[in-house]
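Visitor: Here is a sequence together with a model predicted from it:
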Amino acid sequence: MAKSSKPRKKRALKSKFRRLTDLEIAFREEYKKYSEVLNATKKVSLNQHCIDTDGRGIRAVKIFTRQTLSGMSLSKVLPKLSPELDPDSQFWDLCSLASMSRNILEAYLAIYYSGTELISEDEAELRFFIGQLHRNREWYQIHKKRNSDEDVLREFEEGMLEQKNRIKEHPYLGNLFHPQKNKALKGDEMYYTKADFELKDEVCKSLRMDYQLLSNFVHPLPLSIERIDNDRGRGESNMYDVTYSIACLKVATRYLAASTIAIVDHFPEQLGKRFKSVINPIRGFHLDEKFNKSIDAAKLPPCLKR
């Protein structure tokens, strides 16, 4: 019997895994955005060496290097929702996701404050002096608690006194508001508050809300602990953990994109021209109103609205 020359129709392969929920599909879409931003970040980070810049530029680049590592670490803990993998085998560690997202948020603030914000040379010098005092104050406390030699402690005390006087006599100090001046004289890391960042930088317009949300999952606080039951908070997929994972990932994506764009824009000749095609696709990610709305209260699980 002659064989038919018609090609046989291939049967559609039936997936051996369950279908993703709508929330899981939404998470997968956010994961794609984050991956796009992270790829751009890595490309820029690998090519930011040998840039001739000032002290603020150097600090911005160093913080951005750390930011890149944080972004890569976050990608390691994100659940991977792909057709080849069983969605029920993925691990949903919301607390770690929130912690790493907050690290990315905080690093962006440091890049802006210590490197890319446009300020006068006098203010830049004052911030540098404050940063030195802050660093020595922290090391002093560590040495003191470790019962270091008196000579070591005395050297720190004398140095910090000299640094405080230098800050007190700095010509730009009088331009700060009273609360900022107090923070500067104490040697706090930054004299900006979160409210200051919200006013000065459009990227940070929901900073306090985002920071509070992430912190409640990072620390063993009631919002984090009381939500744990037979389903939630156990590393398995459920509507509550997936919803908040989406919110955390949105925050991480926004601040990672903002960090990368800030570095490229700060060095237009060295990085801007070279990475224009890499940066343009993610440029809207950190400013788009719809994208920036990290948590829509109307979509929160009902038990979390009370």
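Guide: The structure has been received and is ready for your questions.
Visitor: List the buried residues in the top helix by length along the chain.
Guide: Secondary structure of the chain per DSSP state H: the longest helix is helix 239-266. Neighbour counts over helix 239-266 (16 or more other C-beta atoms under 10 Å) mark 240-264, 266 as buried. C-beta coordinates here come from the backbone N, C-alpha and C atoms, glycine included.
Visitor: Equivalent analysis for stretch 84-102, please.
Guide: In stretch 84-102, the ones that count as buried by 16+ other C-beta under 10 Å are Pro87, Gln90, Trp92, Asp93, Leu94, Ser96, Leu97, Ala98, Ser99, Met100, Ser101, Arg102.
Visitor: Let's see which of these end up in strands.
Guide: The members of the buried residues of stretch 84-102 all map outside strands under DSSP state E.
Visitor: what's the neighbour count on Pro268?
Guide: When neighbours are defined as other C-beta atoms under 10 Å, Pro268 has 10 of them.
Visitor: The one 5 residues further on too?
Guide: By other C-beta under 10 Å, the residues close to Lys273 number 10.
Visitor: Over to Gln212?
Guide: 11.
Visitor: What score does it have for pLDDT?
Guide: On pLDDT, Gln212 comes in at 93.
Visitor: any idea how far it is from Cys204?
Guide: For Gln212, the distance to Cys204 equals 14 Å [C-beta to C-beta, to the nearest Å].
Visitor: Phe17 contacts Gln90, doesn't it?
Guide: No - Phe17 lies out of contact with Gln90 (C-beta atoms under 8 Å); the separation is 10.8 Å.
Visitor: wait, Ser237 sits on Pro87?
Guide: Yes - Ser237 lies in contact with Pro87 (C-beta under 8 Å); the separation is 6.4 Å.
Visitor: anything in contact with each of the two?
Guide: Taking C-beta atoms under 8 Å, 6 or more residues apart in numbering as the criterion, Ser237 and Pro87 both touch Glu24, Pro79.
Visitor: quick one, what contacts the nearest residue to Asp231 once chain neighbours are set aside?
Guide: Nearest non-adjacent residue to Asp231, counting by C-beta to C-beta, 6 or more residues apart in numbering: Asn238, 4.7 Å away. The contact partners of Asn238, taken as C-beta under 8 Å, 6+ apart, are Trp92, Asp231, Arg232.
Visitor: How about Val278?
Guide: Counted by C-beta under 8 Å, 6+ apart, Val278 has contacts Ala40, Lys43, Val44.
Visitor: hmm, try it at 7 Å
Guide: Ala40, Lys43 (C-beta atoms under 7 Å, 6 or more residues apart in numbering).
Visitor: ok, and for the helix or strand containing it, which residues are buried?
Guide: Using DSSP states H and E, Val278 sits in helix 276-279. Judged by neighbour count (16+ other C-beta under 10 Å), helix 276-279 contains these buried residues: Val278, Ile279.
Visitor: Next, name the residue at the spatial heart of this structure.
Guide: By C-alpha atoms, centre = their mean, the mean C-alpha position of the chain lies nearest to Ile104, the distance being 1.6 Å.
Visitor: Does that one touch Ser70 like I think?
Guide: Yes - Ile104 is within contact range of Ser70, at 5.3 Å (criterion: C-beta atoms under 7 Å).
Visitor: Grab the nearest non-local neighbour of Tyr31.
Guide: Tyr31 sits nearest to Leu78 (C-beta to C-beta, 6+ apart), 6.0 Å away.
Visitor: tally of neighbours for the one you found?
Guide: Leu78 has 23 neighbouring residues, counting by other C-beta under 10 Å.
Visitor: ok, now the one 4 residues further on?
Guide: The number of residues packed near Ser82 is 11, by other C-beta under 10 Å.
Visitor: can you give me the helices for the protein?
Guide: Going by DSSP H, the chain shows helices at 22-45, 55-77, 94-111, 121-145, 150-168, 178-186, 194-200, 207-218, 222-225, 239-266, 276-279, 289-292.
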